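Asks: this one's structure only:
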DNA sequence: ACCATATCATATTAATTATGTAGGAATTGG
DNA sequence: CCAATTCCTACATAATTAATATGATATGGT
């Protein structure tokens, strides 16, 4: 039940972009230095964010990445789900419902559904803008 | 962000014991058959539950396992934490606080703390007795 | 036109974790 | 005594995680 480093890095990456939103295109190298995260690993992560349309890229000198939308339009949930995949705590809740032959009589499934709702309730109501604000207060 | 098979099995195992609480000692073999979970894997899992004092064992013929306490005295959280370890969504929240040099200025930590509270809020308020009741209703 | 600075693409790797299997020793009720 | 059972330890395999490595491609500034 852990968020992967990839997911945590993606969040810090997006937050870093949000904090530097005025500065135009931000190269991965500088994010890597500020956040102390492997440059090459960040490259992989931002590729996913780019393909999903969460960020815009500009190649070549003076290039880099920037948020495609305003910070308030990104929830933590959007970012984590993109990187981590489904946040359902058990596989049998993903995609097709009732994969599991036990589903109809499974009382533990109720627990997992409540859990997912609780998790979503937190991460779908925090935006990058909230994080930027909190960060600036510190 | 998945509950492991081990954790899920442990919960079903304990629920099975709770459902058969009147029957005296229940052998792993029969739990394995009812729940369709590998006998040898269950053996490992119940060893953990036994060492933690969650169940009582009786060796030899007519032996098996039974709950050490009443079903209402076990929360889902107790069982999952025993098997899964800490349910904090990130490692930096475990054990020693402030391991991470960023902790004081880390706004993502706030998210993880809220997440953990939300998760605990669900799993610490469901007991085996609740599950038994729901199961009997189905 | 050149070149330093970037993104973009793909392959490889080391370590850890997850999910079991296997074999047998020890115990005990009937 | 014997069959059923827990108990103990080691082994196996596949998947995942968290990178690292190498190089191709694009481009703004001089």
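Replies: Nice, I can see it. These numbers come from a predicted model, not from an experiment. Residues are numbered from 1 along each chain as shown, chains lettered A, B, ... in the order given.

Asks: Show me where chain A has its strands.
Replies: In chain A, the strands defined using DSSP state E lie at A:55-58, A:64-67.

Asks: wait, does the first one make contact with DNA strand D?
Replies: Yes. Taking CB under 7 Å from any atom of the strand as the criterion, strand A:55-58 and DNA strand D are in contact, through residue A:58. Where you see a C-beta, it was placed from the backbone N, CA and C, and this is true even at glycine.

Asks: what packs against that strand?
Replies: In terms of contacts (3 or more CB pairs under 8 Å, 6 or more residues apart in numbering or on different chains; DSSP states H and E), strand A:55-58 is packed against helix A:39-51, strand A:64-67.

Asks: Repeat that for the last one.
Replies: Packed against strand A:64-67 by the contact rule (3+ CB pairs under 8 Å, 6+ apart) you find helix A:5-19, helix A:28-35, helix A:39-51, strand A:55-58.

Asks: what does that strand contact?
Replies: Identification of contacts with strand A:64-67 by CB atoms under 8 Å, 6 or more residues apart in numbering or on different chains yields A:14, A:17-18, A:21, A:24-28, A:30, A:46, A:49-50, A:54-58, A:74, A:128.

Asks: returning to that earlier point: just say which of the helices and strands packed on strand A:64-67 is most tucked in.
Replies: helix A:5-19 (a mean of 21; mean count of other CB atoms under 10 Å in any protein chain shown).

Asks: Can you check what angle separates that one from helix A:39-51?
Replies: 70 degrees (axes from the mean of the first three to the mean of the last three CA atoms, to 10 degrees).

Asks: quick check, helix A:5-19 touching chain B?
Replies: Yes. Using CB under 8 Å from any CB of the partner chain, helix A:5-19 reaches chain B at A:8, A:11-12, A:15.

Asks: that older thread, which among the helices and strands packed on strand A:55-58 is found nearest to residue B:78?
Replies: Using CB to CB as the measure, helix A:39-51 is the one of these that comes nearest residue B:78, at 35.9 Å.

Asks: distance between stretch A:48-55 and the chain's centre?
Replies: 11 Å (CA atoms, centre = their mean, to the nearest Å).

Asks: what sits against the nearest residue to residue A:1 once chain neighbours are set aside?
Replies: Spatial nearest neighbour of residue A:1, chain neighbours left out: residue B:87 (5.2 Å); criterion: CB to CB, 6 or more residues apart in numbering or on different chains. The neighbours of residue B:87, taking CB under 8 Å, 6+ apart as the test, are A:1, B:77, B:80-81, B:116, B:119-120, B:123.

Asks: next one: residue A:15
Replies: Counted by CB under 8 Å, 6+ apart, residue A:15 has contacts A:128, A:131-132, A:135, B:107-108.

Asks: Sitting in helices, which of the residues you listed do you find?
Replies: Those of the contacts of residue A:15 mapping onto helices are A:128, A:131-132, A:135, B:107-108, per DSSP state H.

Asks: Quick one: which of the residues you listed is the most crowded by neighbours?
Replies: Within the ones in helices among the contacts of residue A:15, residue A:128 tops the neighbour count with 25 neighbours, counted by other CB atoms under 10 Å in any protein chain shown.

Asks: If you drop the residues flanking it in sequence, what lies closest to that one?
Replies: In space, residue A:128 is closest to residue A:71, 4.0 Å off (CB to CB, 6+ apart).

Asks: got it, and residue A:21?
Replies: Nearest non-adjacent residue to residue A:21, counting by CB to CB, 6+ apart: residue A:67, 6.0 Å away.

Asks: beta partners of that neighbour?
Replies: Under DSSP bridges, the beta-bridge partners of residue A:67 are residue A:55.

Asks: How much space separates it from residue B:58?
Replies: Distance of residue A:67 to residue B:58, computed by CB to CB, to the nearest Å: 62 Å.

Asks: buried subset of the contacts of residue B:87?
Replies: By neighbour count, with 16 or more other CB atoms under 10 Å in any protein chain shown, the contacts of residue B:87 hold A:1, B:77, B:80-81, B:116, B:119-120, B:123 as buried.
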